[in-house]
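# please find the sequence and the predicted model below.
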Amino acid sequence: SKFMCFNMVLPSTVSVDNIFGSIMKSKFSSKAGAKPDVIDLSKKLTAATVDVWDRVKSKLLPTPLRFHYVFNMRDLSRVFQGIMEC
């Protein structure tokens with residue numbers, strides 16, 4: 001029998017901000033044709049989105065009735081995927 005158990009911890013908020021911040025920088029840059037106002041807003045949008053995700057994770061905890069309340073990086077990446085598709 002081959003059974004393995006491993007644990008992966010979520011990255012820190014700073015790391016998550018760096019990951020998605022660099023994606024947003026490449027999409028909304030002057031090379032990509034974005035205006036300076038949009039570039040500034042994209043930086044704020046990254047921080048605000050990560051902050052909302054962090055708050056949702058801490059406030060909406062799973063319960064026996066709401067066991068599906070598990071918010072992970074996949075949910076956050078879907079938000080940024082939607083932003084990238086605009």
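Ah, there it is.

# quick one: the helices in this structure?
Using DSSP state H, the helices of the chain run over 13-27, 36-59, 73-84.

# tilt between the first one and helix 73-84?
With axes from the mean of the first three to the mean of the last three CA atoms, to 10 degrees defining the directions, helix 13-27 sits at 20 degrees from helix 73-84.

# re earlier: how about the helices of the chain in JSON lines, adding mean pLDDT, mean neighbour count and distance to L65?
In short, each C-beta sits where N, CA and C put it, glycine included. Below are these laid out as JSON lines (pLDDT from 0 to 100; neighbours: other CB atoms under 10 Å; distance: least, CB to CB, whole Å):
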{"stretch": "helix 13-27", "mean pLDDT": "92", "mean neighbour count": "15", "distance to L65": "29"}
{"stretch": "helix 36-59", "mean pLDDT": "92", "mean neighbour count": "14", "distance to L65": "16"}
{"stretch": "helix 73-84", "mean pLDDT": "92", "mean neighbour count": "13", "distance to L65": "20"}
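
# show me the one of those helices that comes nearest N7.
helix 73-84 (14.8 Å; CB to CB).

# how far does the closest one sit from its chain's centre?
Relative to the mean C-alpha coordinate of its chain, helix 73-84 is positioned 6 Å out (CA atoms, centre = their mean, to the nearest Å).

# packing partners for that helix?
When contacts are defined as 3 or more CB pairs under 8 Å, 6 or more residues apart in numbering; DSSP states H and E, helix 73-84 packs onto helix 13-27, helix 36-59.

# now distance to G82 too, for the ones you listed, in JSON lines please.
Putting these into JSON lines (distance: least, CB to CB, whole Å) gives the following:
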{"stretch": "helix 13-27", "distance to G82": "12"}
{"stretch": "helix 36-59", "distance to G82": "10"}
